[in-house]
Each structure stands twice: as C-alpha cells, then as structure tokens.
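1. sequence first, predicted model second:
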Amino acid sequence: MAFRSKLRLLALQRNRPFSSSILSSDSKTALSSKEKSRAALSLLRFEKEPERIVDICRAASFTPDSHLDRAAYSVAISKLQKSNDYESIRSIIRDSLSRPDFRSERSVSHLIVLYGQAGLVEDAINLFDEMPDLGIQASVKALNSLLFSCAIAGDYGEMKRVFSDFPRKYGLEPNLDTYNTLLKGLCESGSANSAHSILAEMESKGIKPDAKTFSVAIAGFYKEEKFDDVEKMIVLMKKYGVQKGIGVYNVMIQSLCKLKRSNEAKALLDEILSRNMKPNCVTYAHLITGFCKEGKLDVAKVLFEEMVRRELKPDADCYFTMVHYLCKGHDFEVALGICKECMSKGWIPNITTMKSLVNGLVSVEKVDEAKEIIAVMKEKFSRNADKWIEIEEGLPK
C-alpha cells in the first residue's frame, strides 16, 4: 500500500509547471496524440537541458502502446543519462507508473528495460519486485525484460543472479526467449563457451533452440575468434533441424567483417547465391561496411552497384557509410553522386561527412557542386546555417 500511496503522490505533485504548448509554437491549436509524439521526438533529439527534457516528456504524455512514444522515451532516457541526471530518469518513469494505462505487463516490462538503458539495474530489479503492488503478476516476459535490462547495462553478474534466483523465487519457468536473452548477454561478456552448457540445459528441459539461439552463439564465438566452435554450432543446427537461413548467414558475414576478414565474408555471399538463396539489404550493407573499413573501396562500390541492380534498396546508414569512406578515400565525384541520391530520399549524412565532401569537391575544382551541397545544408539545418555561410564565404570565387 505504501508503494501505491507513493505513486498517487507523484501523480499529484510536479516539480515544475508545464504545458503541452511546449510542443507547439501555436498554443491555440490542439495537437493530436501522434502530432504530440512527433513534436516531442523532434525536440528531444536536440534538447540538452534535463529540466526541459522532463517537461517535454510530461507534456507529450507518452502512451505505452505507441512505437513512436517508446522511441521518444528511449531518446529522453539516453539524454538524461548522458547528463548523469538519474533522479530525472526515476521521476519520469515513476510518473508513468502513476498512470492506469501503464499498469500492464507489457508497459512495466518496457520501463524495466529503460532502467537498464540508463544503467539503473537496481531500480529495474526493484520495479520487477514491485509488480504485485501495481496489480500485475510477475511473468516470464517481465523476467526476460529484466535479464535484457541487466545485459544492456553491462551488469552480467546481476544478469546471472537474476536467471539463477528469480524463476524459483517467483515460480516462473524460463522459455526460449529467456535462454536466448541470457545467451546473448553471456556472449557479449566474452563467455561464449557458455553456449554449450546452455544448449544442454535447454535440451534437458525440452526447449528447442531456434535460429536466433544459434545466431547469438555463432556471433559470440566469432567475436572470440573460436572458429572451431562456430563449425560445431553449424553441425548442431542440423541436429536440431534449424535451417541455415539468410539471417544466420548475415550474422556470419557481419562477424567476419568485424574481424577484418571481409574476403571470407564475401565467399559466404557466393555460397548464398550458389544455394539459390536471396541475399537481402542487410547482407550487402554488412559487406559494404566491411570492405569500406578495410579501405577496399573498389569492392565496396561493386557491391553497392550489385545491390541496386538486384533491386535491393540501401538504407540511410548504407548511403552514409559509402559517402563517408569515399570522401576518406578522396573519391569525391562518386561520393557526390551517391550523396545526391541519398539526399533525394530525404537522408542527409552528418555534418562532419558533409564538410569533408564540400572540402573535397573544392580540392578537385568542383566549386559549384560544393555550393549546391551547402545550399541544401543551409535549407535543411537552419540552426547551423551560420556555420555553412562561413564555409561558403571561404570558397574560391
């Protein structure tokens, strides 16, 4: 009862006055729920002042079922964490818990993850413990969220303790997601060898591993450069009847690229094609990033062209990677072409990459093209217009 009284008090008390007008310059026009969410997300991306961040969250009155609201909530938590304002993080999460629409297993599970995102593992555990006081029964879904919360906070010791103690304490039976979440955390902590014992425990409990289980284990073994264990996982996949689909191939390709073994990763693409499987955008994006980072831009360009030829659409990050590394490799004309294509889709690389492109174009006597880029940047990012005007004034006449 004391916990519920605390929530009621939080619902009535606010540290600062706030209004939904913070989300719109036109205070006379009422915003729809979706418009509030979009306005809040836009403001949060640029806001650095903790008090303003809290006020934006309260004015937006985020709902737990909206993907846009969950994204905005996550941005707010990240911003407050960077400011080391943990009390504000606790405040906005507790504010949410005071609302009836957040009193559900799904919503509380999400808030548990947000605590982990902020590194507040003890708060995440306390919230899990307090679920009955909120009228919500502790569940495997919430347990899995708590394990994930510990993992993203990097508290792997606490993650193992939760897995060991909480199922028995709360009468919960771990499921496939539980084991996959635990395995991912262990692999991230450098304990990929745990995959063997976890798979044995799953088998003893009649829980069949899936493609995600093996993808996580394979990525973990690659990270630790235990290539024999990777092969063992592939053999086990056959034993359990798990297909080596495009998702598993993508994990293998990404892992090899991270190890700067992009040529081996490219051989896996050839294997995919030889099996009459269809690579996807993710396949090519991993390879392009890998070859770019190794300075093999000619291969990256061929893969990019092949990707487009196969009618696979590069995402924003793939375009940004190409432009960044082409500029780094002084291939400014190709970078310009890809950048223009990228901007036509409404995607703009970061200011560092764009400055590099502008300076590079000037260095190869493409001053008019550089000015075109500056004009776009001034229009799209008016708050940085002064910086671009200064750059433009320094260009050759």
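-> It's in.
2. pLDDT wise, what is residue 319 at?
-> Residue-level confidence at residue 319 comes out at 97, pLDDT.
3. isn't it right up against residue 347?
-> Yes - the pair residue 319 and residue 347 qualifies as a contact (CB atoms under 8 Å) at a distance of 6.0 Å. In this view, the C-beta of every residue, glycine as well, is placed from N, C-alpha and C.
4. what score does the residue lying closest to residue 46 once chain neighbours are set aside have for pLDDT?
-> Taking CB to CB, 6 or more residues apart in numbering, and ignoring the residues beside it in sequence, residue 46 has residue 383 as its nearest neighbour in space, at 7.7 Å. The confidence metric pLDDT takes the value 74 at residue 383.
5. from residue 237, how far out is residue 383?
-> With the distance defined as CB to CB, to the nearest Å, residue 383 ends up 51 Å from residue 237.
6. quick one: buried residues of the host helix or strand of residue 352?
-> Element membership of residue 352 [criterion: DSSP states H and E] is helix 351-363. Along helix 351-363, these residues count as buried under the neighbour rule (16 or more other CB atoms under 10 Å): 353-358, 360-362.
7. looking at the residues you listed, which is nearest residue 31?
-> For residue 31, the nearest member of the buried residues of helix 351-363 is residue 354. The distance, counting by CB to CB, is 32.0 Å.
8. and that closest one, what does it touch?
-> Applying CB atoms under 8 Å, 6 or more residues apart in numbering, we find residue 354 in contact with 339, 348, 373, 377.
9. dump those residues into a markdown table; add distance to residue 132, pLDDT and secondary structure as well.
-> Compiled in a markdown table, those are given as follows (distance: CB to CB, whole Å; pLDDT from 0 to 100; DSSP: H, G, I helix; E, B strand; the rest coil):
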| residue | distance to residue 132 | pLDDT | secondary structure |
| --- | --- | --- | --- |
| 339 | 55 | 95 | helix |
| 348 | 48 | 92 | coil |
| 373 | 58 | 90 | helix |
| 377 | 54 | 87 | helix |
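10. who wins on neighbours among these?
-> For those, the largest neighbour count, defined by other CB atoms under 10 Å, is 27 neighbours, found at residue 339.
11. could I get stretch 266-278 in PDB with only the CA atoms?
-> Output in PDB follows, covering the C-alpha atoms of stretch 266-278 (Å, rounded to 0.1, in the frame of the first residue of the first chain):
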ATOM      1  CA  LYS A 266      32.300 -12.300 -49.500                       C
ATOM      2  CA  ALA A 267      32.800 -16.000 -50.000                       C
ATOM      3  CA  LEU A 268      29.700 -16.600 -47.900                       C
ATOM      4  CA  LEU A 269      27.700 -14.300 -50.300                       C
ATOM      5  CA  ASP A 270      28.900 -16.600 -53.100                       C
ATOM      6  CA  GLU A 271      27.700 -19.600 -51.100                       C
ATOM      7  CA  ILE A 272      24.300 -17.900 -50.600                       C
ATOM      8  CA  LEU A 273      23.900 -17.400 -54.300                       C
ATOM      9  CA  SER A 274      25.100 -20.900 -55.200                       C
ATOM     10  CA  ARG A 275      22.300 -22.300 -52.900                       C
ATOM     11  CA  ASN A 276      19.800 -20.200 -54.900                       C
ATOM     12  CA  MET A 277      19.100 -18.200 -51.800                       C
ATOM     13  CA  LYS A 278      18.400 -14.500 -52.000                       C
END
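12. pull the residues that contact that stretch.
-> When contacts are defined by CB under 8 Å, 6+ apart, stretch 266-278 is touched by residues 245-246, 249, 252-253, 256, 279, 283, 287, 291, 299.
13. and it, what's buried?
-> With burial defined by 16+ other CB under 10 Å, the residues of stretch 266-278 counted as buried are 266, 268-269, 272.
14. and which of the residues you listed is nearest to residue 308?
-> So of those, ranked by how close each gets to residue 308 (CB to CB), first place is residue 269, at 15.5 Å.
15. what distance do you get for the closest one to residue 312?
-> The spacing between residue 269 and residue 312, counted by CB to CB, is 12 Å.
16. hey, what's in contact with both of the two?
-> residue 279.
17. shaky segments in this structure?
-> Scanning the chain for pLDDT under 70 picks out the ranges 1-21, 24-30, 397.
18. show me where the stretch 201-350 of the chain has helices.
-> Taking DSSP state H, counting those that start in this stretch as the test, the helices found in the stretch 201-350 of the chain are 211-223, 227-240, 246-258, 262-274, 281-293, 297-309, 316-328, 332-344.
19. span of stretch 132-145 from start to end?
-> Between the opening and closing residues of stretch 132-145 there is a gap of 16 Å (CA to CA, to the nearest Å).
20. quick one: residues contacting residue 137.
-> Contact criterion CB under 8 Å, 6+ apart gives 105, 131 as the residues in contact with residue 137.
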